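A.B. asks: Here you go, sequence then predicted model.
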Amino acid sequence: MKKILNTLIITCLLTGTFSCQKDFLQKPDVTGNSTVETVFSTTVGAENAIAAAYRQSLVANLWDGNSLNNGILSNVSGEMCYGESWATILHFVSSGFLASPGLESNPAQSTDNFFTNYTAIRKDYLVLQNIDKVTDMDATTKAYVKGEMKGLVAYRYLAMFMRYGGVPLVDKVLSQTDSLNVPRATLQGTLDRITQLCDEAASVLPDKWPDKYAGRLTKGVALAIKAKALIYAARPLFNAATPYLDLGANNKLICFGTADQTRWTNAITANEAVIAWATANGYGIINTGGGTGIANTNAFDDYATATSVASNKEVLLAYKYDVAGNKFFEFYDVAYNNERYLTAHMGMPTNFLVNYYRADGTDQVWPVGVANALPYSDYAAKMQAMEPRFKADNYAHCIDCWNNPGDNAWKYANCGQGQNHNGSGSGDAQSTKYYYKAGSRTWFEYPLYRMPEFYLNLAEAYNETGNTAKALLNLNIVHNRAGLQSVTETDQTKLRKIIQREWAIEFYNENHRYFDVKHWKLDVGNGIAAGQINEFQFTFVPGQTNDRIAANLATYYDKPTYIVYWHPKMFLEPIPQTEIDKGILVQNPGY
């Protein structure tokens, strides 16, 4: 435990050590004699510290050089197949999560670096506790900054809550005189801290920042973090009388110990608050060709705009960081340190493809097995018949990218490995999400909170509380925007599956599904995110070898290609064994 919390000690900053200053505050002009007092003496210095806190905190669930790279959450959620033979996903395929040291600088084989959570929290508390030292910043702005830092701490605790359950909680920058023996809080204690921080942040944050500060936390974002925490608290992984695996006297670290319907009603209240705030402040679902209960005739453009255009009305918060320009409130560069979100040769397995609807709202019928191989023309026709979200987010073999029409750079024949719109490779289709009419653009703003999330949260929660009418109302706001006719199913079990399917499609490649399928306690190992994974295979016309030309492809069929390891222990992730061995923290069961 000492190792974790040493990252929270302020000693190196106070002694003026250059390396510590740069690491924790990211102040470009730091000198060897810089201290907290000098950094926070002016607004310029404070804003550098604020930007560093944002960069470190909001990278949770993405990548920060200290966790597994290469689109790992999309891989382990079953949205995408692994690509290169060296990809880190291969370790999960064969053995799942391990508490022992893993790859790169990750202290365990899991999907985040446990220690960097506390490094991020430390940065947030450094700003929170020192912003009052700034002499040229007004009291209102200082209050905003304090709200921002509380929101960022809540955001990082939420990321751990979803991965580990209850975690050690700290509420300040620890000094050498503070006890470092901080045990894991209960699941309820962790949730309470998240919601408390969100409430405190929402009470002081502005509804809007000046344009030059676009991307900073608003009151709506604080409400969104709370709403997300409460929907995960209501889902069956945590909201149960007994945990997924027994942890004896420590069961309350991973389970509430009761299955309580009021957790769903609490989630409803929180998510309704987000939508009310958003509506009052100019945010909402982009739907320019439909209305209540009416399929949107502009679904492709509207959905693609929502996921690709910077600072659109649907995104409450995005990860903004232009690495090349070293600017914070700008755009995220997807090629940072070669940890590309859209990595070469990562495609969609058939297991996930079947979630998508046809444009007419019916299910597509795909071939099963080599014995049922069909002509390539059948593949092309079926892909062309898919719903708008599929076409906005993917391109299919030998079909030019739908989301960059007429752009020569996005023609299938010109898409090559190493570009953000890769060509041939594994999977039934490759992702082009975030690149609508992108041309030569390589960067994108990664959406962290997008408005459809809160409508689907409400659809889910209302369905679980038996309010079918409101469940359908909220579901169809998202479903109709996608160009599909309204869902009318009233059976709770069937509607639950439809809502979960909508989550899968709407938030493909947005790092939701990895957490969703586990917290819903789905049969993950039965091909959902693990178990047998299938991909389309293509055969050539005799004498042809170029798979970039449609005329060269003869048939396609679905084939089992690899098996992903699964064990119920993986509903939650392991804490690094090096910390467990110190005798303070309790490991999650099964590791």
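C.D. replies: Cool, got the structure.

A.B. asks: Only C-alpha atoms from now on, for both contacts and neighbour counts.
C.D. replies: OK.

A.B. asks: Show me the longest helix that occurs in this protein.
C.D. replies: Counting by DSSP state H, the longest helix found in the chain is helix 139-164.

A.B. asks: Show me how far that one is from its chain's centre.
C.D. replies: In terms of C-alpha atoms, centre = their mean, to the nearest Å, the gap separating the centre of helix 139-164 from the centre of its chain is 17 Å.

A.B. asks: Surely residue 126 and residue 173 touch.
C.D. replies: Yes - using C-alpha atoms under 8 Å, residue 126 makes contact with residue 173 at a distance of 6.4 Å.

A.B. asks: Tell me where the model's unsure across this protein.
C.D. replies: In the predicted model, the chain carries pLDDT under 70 at residues 1-34, 63-71, 83-89, 102-106, 322-345, 415-427.

A.B. asks: all strands in it, in order from the N-terminus.
C.D. replies: Along the chain, the segments classed as strands by DSSP state E run 315-319, 374-375, 394-396, 429-431, 446-450, 531-540, 553-564.

A.B. asks: What is the fourth one packed up against?
C.D. replies: Just to be clear, that refers to strand 429-431. Using 3 or more C-alpha pairs under 8 Å, 6 or more residues apart in numbering; DSSP states H and E, the elements in contact with strand 429-431 are strand 394-396.

A.B. asks: Partner strands of the strand it packs on and their direction?
C.D. replies: strand 429-431 (antiparallel) (DSSP bridges).

A.B. asks: buried stuff in the strand it pairs with?
C.D. replies: 429-431 (16 or more other C-alpha atoms under 10 Å).

A.B. asks: So what's the gap between it and the chain middle?
C.D. replies: Taking C-alpha atoms, centre = their mean, the mean C-alpha location of strand 429-431 is offset from the chain mean by 18 Å.

A.B. asks: Quick one: end-to-end distance for stretch 179-198.
C.D. replies: In stretch 179-198, first residue to last residue: 26 Å (C-alpha to C-alpha, to the nearest Å).

A.B. asks: Not counting its own residues, what contacts that stretch?
C.D. replies: Under the criterion C-alpha atoms under 8 Å, 6 or more residues apart in numbering, residues 1-2, 5-6, 150-151, 153-155, 157-158, 161, 165-169, 222-223, 225-226, 229-230, 233, 252-256, 584-586 lie in contact with stretch 179-198.

A.B. asks: Take those and keep only those in helices.
C.D. replies: Checking these against DSSP H, those in helices are 2, 5-6, 150-151, 153-155, 157-158, 161, 222-223, 225-226, 229-230, 233.

A.B. asks: follow-up on the earlier one: could I get the strands of the chain in a markdown table, plus columns for distance to residue 130?
C.D. replies: Converted to a markdown table, the strands of the chain look like this (distance: least, C-alpha to C-alpha, whole Å):
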| stretch | distance to residue 130 |
| --- | --- |
| strand 315-319 | 25 |
| strand 374-375 | 66 |
| strand 394-396 | 46 |
| strand 429-431 | 43 |
| strand 446-450 | 27 |
| strand 531-540 | 50 |
| strand 553-564 | 47 |
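
A.B. asks: which of those strands sits most buried?
C.D. replies: Highest mean neighbour count among the strands of the chain (mean count of other C-alpha atoms under 10 Å): strand 429-431, with a mean of 28.

A.B. asks: quick one: the residue lying farthest from the centre of the chain and residue 552, what's the gap?
C.D. replies: Relative to the centre of the chain, and counting by C-alpha atoms, centre = their mean, the farthest-placed residue is residue 543 at 44.2 Å. As judged by C-alpha to C-alpha, residue 543 and residue 552 stand 9 Å apart.

A.B. asks: Same check on residue 204?
C.D. replies: For residue 204, the distance to residue 552 equals 62 Å [C-alpha to C-alpha].

A.B. asks: Please apply the same query to residue 220.
C.D. replies: 52 Å.

A.B. asks: One more: residue 197?
C.D. replies: For residue 197 relative to residue 552 (C-alpha to C-alpha), the value is 59 Å.

A.B. asks: Of those two, give the one with the bigger neighbour count.
C.D. replies: Higher neighbour count among residue 197 and residue 552: residue 197, with 23 against 19, using other C-alpha atoms under 10 Å.
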